[in-house]
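Student: the following comprises the amino acid sequence and a computationally predicted model.
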Amino acid sequence: MLQRKRRMAALALADEAALEEAATRLAASFSYTFLRRPEAGLLMVEGRAGNSGQRFNLGEMLVTRCVVRLQQKRQNGQDSAATEGYSFIQGNRPRHAELAAVFDALLQQEDQAEDLERSLIEPLAAKRSEALQKGAEKTATTRVDFFTLVRGEDA
């Protein structure tokens, strides 16, 4: 379950162009139909005081969701068992939600999961981690350490 959560986070936070490129490479090996076409809507986001207190409504967030049923083509020409893929993407991004749902379905198939993990998920996660690190470094340059300031009481 944690592995799927990590994969879905990588897909949801990925650059749409990277997902589009990966889908183009694999397009001949599968076909899919929509169980729920990409649609945007609002979700209520809840918070907790101190992460353990009473829940409260923090606000609404725009998301796009999509559900697909994937049929993967085998080398012998027969279709594999159908797999369903789901996605919820922040914002109004229907194509991103569609691609994330397709990759969710592909990652549930044992013969595809290991290769996709190595060629898609790990690079996406590494790119995201690198972007977070750069953001943290940029933010760190603006940090003020108040204990190093001269206070004027010593004069």
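Tutor: Good, I have the coordinates.
Student: can I get the helix or strand of the chain with the lowest mean pLDDT as CSV, trimmed to CA atoms?
Tutor: Across the helices and strands of the chain, mean confidence by mean pLDDT, DSSP states H and E is lowest for helix 110-116: a mean of 82. C-alpha atoms of helix 110-116 as CSV (Å, rounded to 0.1, in the frame of the first residue of the first chain):
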residue,chain,number,x,y,z
GLU,A,110,3.3,-7.3,-12.5
ASP,A,111,5.0,-7.6,-15.9
GLN,A,112,5.1,-3.7,-16.2
ALA,A,113,5.6,-2.6,-12.6
GLU,A,114,9.3,-3.2,-12.1
ASP,A,115,10.3,-1.6,-15.5
LEU,A,116,8.0,1.4,-14.9
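Student: which outside residues touch it?
Tutor: If you take CB atoms under 8 Å, 6 or more residues apart in numbering as the criterion, helix 110-116 is touched by 72, 103, 106, 107. Just so you know, the C-beta spots here come from the backbone N, C-alpha and C atoms, and that holds for glycine as well.
Student: flag the shaky bits of the protein, pLDDT-wise.
Tutor: Within the chain, the stretches with pLDDT under 70 are 1, 73-80, 147-155.
Student: break down it into its helices, ranges please.
Tutor: Using DSSP state H, the helices of the chain run over 2-12, 16-26, 94-107, 110-116, 122-140.
Student: could I get those helices as CSV with mean neighbour count and distance to residue 60?
Tutor: Conversion of the helices of the chain to CSV gives the following (neighbours: other CB atoms under 10 Å; distance: least, CB to CB, whole Å):
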stretch, mean neighbour count, distance to residue 60
helix 2-12, 16, 18
helix 16-26, 14, 23
helix 94-107, 24, 18
helix 110-116, 13, 33
helix 122-140, 12, 25
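Student: alright, I will stop here.
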